[in-house]
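Asks: Here is a sequence with its predicted model. Questions after.
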Amino acid sequence: MHILIAGVGPQALPFALYAAAIGLLVGSFLNVCIVRWPAEESVVRPRSRCPECGNLIAWYDNIPVVSWLMLRAQCRHCKLPIPVRYPLIELAVSVIWGLAAWHYGANIEALRAALFGTILLGIAVCDAREYIIPDEFSVGGMVLGILLAVAGGMLPWPQALLGAAIGFTLLWVVAWLGTKLLGQDAMGGGDIKMLAMIGAFLGWQGVLLSLFLGATLGTLIFLPLKLAGRDKLVPFGIFLALGAAACWIVGPAILDWYLSMMVGQ
């Protein structure tokens with residue numbers, strides 16, 4: 001886990017801007033993944049096309065953010081609106097990659113932070129739109145997290161493996177107990193695999209803190225809706241993603257505060 005507060009200095013600015021530009025391209029690809037992976041479609045073929053009229057999107061109409069602005073948020077052919085989520089996701093990924101490069105510099109940890117943030121964003125959007133967490137994000141992300149740990153990330157690879165195993169096992173047990181008690185599925189398999197992915201990036205401590213933060217946030221938002229009689233399916237992946245992101249950024253500070261409170265008692 002890491003505390004992402006200040007950059008490595010003004011000398012990191014050129015690299016951060018370069019990483020932010022790369023992030024725009026990654027964000028454009030993430031948009032494709034968000035639409036196609038839940039539908040079990042290839043992200044390679046066919047080429048990008050308008051979902052309404054079916055016309056292929058030319059390369060000059062597929063430039064991240066710029067094309068959306070130039071086209072005034074409309075398809076060139078059918079003039080139907082292009083959702084604002086596309087440029088927003090591209091900008092969000094650009095910010096994630098730029099901040100990671102600014103803070104860590106040109107090393108494996110910057111790549112770990114950027115990819116982890118990108119995966120969490122993809123999961124959150126998919127779960128919000130389709131109530132699905134594609135295996136490409138969860139299982140693929142878990143494998144990626146372990147490989148980055150092997151490649152020399154700050155989290156040693158044995159801890160990445162342990163984190164993935166504990167993340168999967170912990171939530172599987174919770175889901176099994178919940179199903180036995182409630183008589184119905186208490187948690188989706190996507191959430192279980194997602195926590196394994198989080199463990200591969202954050203280790204076992206990050207698993208526990210991410211789960212706690214995600215569950216707390218989800219409860220604070222959906223409990224009032226439940227009490228008001230508004231039954232709504234809870235996309236837990238959104239809150240788990242927010243908890244994991246918070247854990248990466250300020251996890252050590254939270255743990256230090258908790259330990260100091262325990263020692264103070």
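Replies: Thanks, I have the structure now. Numbers count the residues shown, from 1 in each chain.

Asks: need the strands for the stretch 151-265 of the chain, in chain order.
Replies: In the stretch 151-265 of the chain, no strands are found when defined by DSSP state E, counting those that start in this stretch.

Asks: which helices and strands does the helix or strand bottoming out on mean pLDDT in the chain pack with?
Replies: Least confident helix or strand of the chain, by mean pLDDT, DSSP states H and E, is helix 236-264 with a mean of 84. Under the contact definition 3 or more CB pairs under 8 Å, 6 or more residues apart in numbering; DSSP states H and E, helix 236-264 sits against helix 108-130, helix 189-227. The C-beta positions use only the backbone N, C-alpha and C, and glycine is treated the same way.

Asks: Go through it and flag the buried ones.
Replies: 236-251, 254-255 (16 or more other CB atoms under 10 Å).

Asks: could you redo the helices and strands packed on helix 236-264 as CSV and give each row mean neighbour count, distance to residue 75 and mean pLDDT?
Replies: Below are the helices and strands packed on helix 236-264 laid out as CSV (neighbours: other CB atoms under 10 Å; distance: least, CB to CB, whole Å; pLDDT from 0 to 100):
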stretch, mean neighbour count, distance to residue 75, mean pLDDT
helix 108-130, 22, 20, 96
helix 189-227, 21, 31, 90
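
Asks: how far out from the middle of the chain is stretch 200-219?
Replies: 13 Å (CA atoms, centre = their mean, to the nearest Å).

Asks: what sits up against it?
Replies: Stretch 200-219 is contacted from outside by 1, 112, 116, 141-146, 148-149, 155, 159-164, 166-167, 170-171, 195, 198-199, 234, 236, 238-244, 246-248, 251, 254-255, using CB atoms under 8 Å, 6 or more residues apart in numbering.

Asks: coming back round to it: between the least confident helix or strand of the chain and helix 108-130, how many degrees?
Replies: 130 degrees (axes from the mean of the first three to the mean of the last three CA atoms, to 10 degrees).
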